[in-house]
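Trainee: would you be able to build a 3D model of this:
(one chain, ligands or ions: 1)
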Amino acid sequence: PAVGVGRSHAKAILLGEHTVVHGTAAIAFPLPALPVRAIARPGRSGPREVCADGHFRFLAGEAGEGGPPSGPRVAVEEALRRWGMTGVLVEVDVECDIPLARGLGSSAACAGAAVRAVADLYGRALDAATLYDCVQCGEQVAHGRASGIDASAVLAHGPILFQRGTARPIGIAVDAELVIADTGVPGSTHEAVAGVRRTLDADPRSARRVLRRATELIGSAATDLSEGRVAELGTAMFDFQDLLAGLGVSTPRIDALVTAARDAGAFGAKLTGAGLGGCVLALTATGTAPSVSAALRAAGAVRTWTVTARSLRSPA
Ligand code: PMV
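Mentor: Predicted coordinates for the structure are as follows:
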């Protein structure tokens with residue numbers, strides 16, 4: 001074909017961001033309601049990367065030119081290298097419905113859709129491991145040191161428990177709704193990950209305590225999720241938020257949204273993704289997402305999305 005197409009979607013982390021970079025598990029789920037579509041064509045010359053809200057275009061495959069490459073371009077160049085196509089120039093157009101730099105995995109999702117589109121263009125078989133590895137190469141550029149949870153979750157069809165490069169599907173038996181609220185503030189994953197590393201390195205004893213506590217919270221949350229204990233899961237989210245605040249990645253705006261969710265009766269709430277801006281995730285009883293969303297907007301959220309736990313049970 002003259003063009004290749006590829007898709008991916010956003011993700012949200014329920015628990016375990018940041019500590020997952022240091023070896024704990026983390027729980028994440030895909031958000032198919034926020035898709036990314038990519039179209040690949042044989043490349044022509046022109047600017048290496050052009051970006052305008054939600055849409056960007058890049059040329060991959062020509063070494064040593066242009067500014068620092070974006071994660072998606074690195075991912076596509078890794079795929080071309082693996083296919084022995086290093087001399088090939090390919091143009092990729094990406095339409096991204098995911099707000100950028102909000103902890104929803106936009107960089108990994110754009111990379112995933114782009115690599116799928118290029119594989120489709122050249123009729124290359126793309127196994128899950130190769131796709132993950134290519135997206136991960138891009139993520140290392142975007143995050144500094146990426147755990148791999150974003151690459152896994154944006155390519156997954158259902159909730160996952162991720163640890164040290166391995167994702168496995170996780171059962172969901174809770175009956176609840178999840179509200180995602182955008183602070184409207186972009187947060188730099190690179191800066192947040194570097195800051196957490198400095199905090200942990202500065203005090204190894206307290207770092208061990210934090211990672212032990214995170215491991216406990218994530219372990220019991222995985223069981224609560226699969227056995228339907230929604231109130232306990234919510235408490236773990238509030239506790240994990242306290243832990244992330246202690247690592248320096250919360251902000252007054254995030255704190256205000258977490259408090260608003262709590263006051264509106266949410267079981268739990270916390271930042272999701274890297275923090276320093278980005279989004280807050282709240283766990284609510286079925287039927288109460290509209291009132292919790294309204295409270296979050298009244299407290300400063302620029303937009304909200306709702307996902308039912310039921311929709312996460314059956315693979316998309
Ligand atoms: O904010 P995002 O979507 O880039 O999420 C990053 C998750 C971190 O745990 C903070 C980093 C990582 O690589 O795991």
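Trainee: how about the helix or strand containing Q241: buried residues?
Mentor: Take DSSP states H and E as the rule and Q241 turns out to sit in helix 230-246. Neighbour-count burial for helix 230-246 flags 230, 232-241, 243-245 (criterion: 16 or more other CB atoms under 10 Å). The C-beta positions use only the backbone N, C-alpha and C, and glycine is treated the same way.
Trainee: using TSV, please lay out those residues together with distance to the ligand and pLDDT.
Mentor: Formatted as TSV, the buried residues of helix 230-246 follow (distance: CB to the nearest ligand atom, whole Å; pLDDT from 0 to 100):
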residue	distance to the ligand	pLDDT
V230	24	96
E232	23	97
L233	19	97
G234	21	98
T235	21	98
A236	17	98
M237	15	98
F238	19	98
D239	17	98
F240	12	98
Q241	14	98
L243	13	98
L244	9	98
A245	14	98
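Trainee: just send the residues you listed back as TSV, with distance to R262 too.
Mentor: What follows is the buried residues of helix 230-246, written out as TSV (distance: CB to CB, whole Å):
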residue	distance to R262
V230	15
E232	16
L233	15
G234	9
T235	11
A236	14
M237	10
F238	7
D239	12
F240	14
Q241	10
L243	16
L244	15
A245	14
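Trainee: now do stretch 128-142, average pLDDT.
Mentor: The average pLDDT within stretch 128-142 is 93.
Trainee: is L14 in a helix, a strand, or coil?
Mentor: strand (DSSP: H, G, I helix; E, B strand; the rest coil).
Trainee: sorry, back to before: past the helix holding Q241, which element shows up next along the chain?
Mentor: The helix or strand immediately downstream of helix 230-246 is helix 252-263, counting by DSSP H and E.
Trainee: ok, back up a step: just want the angle from the helix holding Q241 to helix 252-263.
Mentor: 160 degrees (axes from the mean of the first three to the mean of the last three CA atoms, to 10 degrees).
Trainee: ok, now how distant is the most centrally placed residue in the chain from P159?
Mentor: What sits nearest the mean C-alpha location of the chain, by CA atoms, centre = their mean, is G105, with 3.0 Å. Distance of G105 to P159, computed by CB to CB, to the nearest Å: 14 Å.
Trainee: for the ligand, give me its nearest residue in the stretch 201-316 of the chain.
Mentor: Nearest residue of the stretch 201-316 of the chain to the ligand, counting by CB to the nearest ligand atom: G273, 3.0 Å away.
Trainee: tell me the confidence at the residue nearest to that residue when sequence neighbours are not counted?
Mentor: Counting by CB to CB, 6 or more residues apart in numbering, G273 lies nearest to G103, which is 1.7 Å off, once chain neighbours are set aside. Looking at G103, its pLDDT stands at 94.
Trainee: next, count neighbours for G103.
Mentor: 31 (other CB atoms under 10 Å).
Trainee: quick check: phi and psi at it.
Mentor: Here is the backbone geometry of G103 (degrees, to the nearest 10): phi 80, psi 10.
Trainee: that one against V280, yeah?
Mentor: No - with contact defined as CB atoms under 8 Å, G103 does not reach V280; the gap is 9.2 Å.
Trainee: give me the common contacts of those two.
Mentor: L271, T272 (CB atoms under 8 Å, 6 or more residues apart in numbering).
Trainee: contact residues of the chain facing the ligand?
Mentor: Contacts of the chain with the ligand, taken as CB under 6 Å from any ligand atom, map to 17-18, 20-21, 103-105, 143, 146-147, 149-150, 189, 193, 273-274, 278.
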